[in-house]
Every structure is written in C-alpha cells, then in structure tokens.
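[1] using only what follows, build the 3D model:
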Amino acid sequence: MSEQPHVVRAWHAVVESGDPALLDSLLANDVVFRSPAVFAPLPGQELTTRYLRAAMAVLGPSLRYIGEWHGPSSAVLEFEAELDGMYVHGVDMLRWNDDDRLVSFTVMVRPMRGLTKLVELMQRQLLDGQA
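    I've put the predicted structure just below:
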C-alpha cells in the first residue's frame, strides 16, 4: 500500500480527536457532501461541517476504519460501527484539491436496516441543533 496521503491522515485526526473544529482547515469552501440519506448533494463548507459533526456524534463512539484505498487526489475509507446494537458497514469517499482540502465527501452505508437507523439518529442530532 502506498503512503497515506496528508488529507487522509488529517481526516483520521478529526475522527480520533472528535474535534469538528479541525474541519475548518480540511474542507474547501466549495466542498460538496453526499449522503445516502439525502437526495441532493449538499454544497459548501457550512452544510458539510454540520452533517459531518452530526455523523461524528452518532457514529463516533463505535466508528472503526477497517480498510482504505487511495490515489493521488482521492481515497475510499471502509468503516464499521454499531448503532443501538445494529451493525453498520460503509465507505467514505474523499476527493481533494491541490491545496489538500476536501472538495467532495460522499458516504455510502449498508445494510438497509443500518442506514435506516443512521438516518433516524442523524435527523435527531440535526434537529436538536447539536450539530
């Protein structure tokens, strides 16, 4: 496996620390967030930060990265988590620019029951204004 790109190391630091303030230097202003729970892509640093903050709160306690693949300006990070006793398996697909800032963050999750639970918990987190 090739050396882990700076952006991937920075993302792991965000997750491991649980500190969403670290996203400020990692996300490009024009970043786009894509989620299996939301039909349309969500543009911009503010919305992406909000959704990633909520995801960190929901998935963070049990999130575990189990594999990763990367190229010159993109990476796929495979993860597992447990939500209320339900198994969740997914990937984060990252793309970054020449300034090592994320321009695209896409999440895919399975199985359907896990996705349904994730959507429920994310909605609760976002509506409570905690994200």
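[2] use CA for all of it now, contacts and neighbours both
    Noted.
[3] residues contacting residue 42?
    Going by CA atoms under 8 Å, 6 or more residues apart in numbering, residue 42 touches 32-34, 48.
[4] quick one: buried ones out of those?
    The neighbour count (16 or more other CA atoms under 10 Å) marks 32-34, 48 as buried among these.
[5] and the two most separated of those residues?
    34 and 48 (8.8 Å; CA to CA).
[6] can you add pLDDT and secondary structure and give the buried ones among the contacts of residue 42 back as TSV?
    TSV is the format used below for the buried ones among the contacts of residue 42 (pLDDT from 0 to 100; DSSP: H, G, I helix; E, B strand; the rest coil):
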residue	pLDDT	secondary structure
32	98	strand
33	97	strand
34	96	strand
48	95	helix
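[7] specify which member of these is nearest to residue 78.
    Of all these, residue 34 has the smallest distance to residue 78: 15.9 Å, by CA to CA.
[8] what sits against the closest one?
    By CA under 8 Å, 6+ apart, the contact set of residue 34 is 40-42, 104-107.
[9] these, buried ones only, as a ChimeraX selection?
    Those of the contacts of residue 34 that count as buried under 16+ other CA under 10 Å are selected in ChimeraX with:
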select :42,104,105,106,107
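[10] closest one of the contacts of residue 34 to residue 96?
    Using CA to CA, residue 104 comes nearest to residue 96 of the contacts of residue 34, at 6.8 Å.
[11] given the strand or helix carrying that closest one, what are its sheet partners and their directions?
    Using DSSP states H and E, residue 104 sits within strand 102-110. If you go by DSSP bridges, strand 102-110 pairs up with strand 27-34 (parallel), strand 86-96 (antiparallel).
[12] between these, which gets nearest to residue 16?
    strand 86-96 (15.3 Å).
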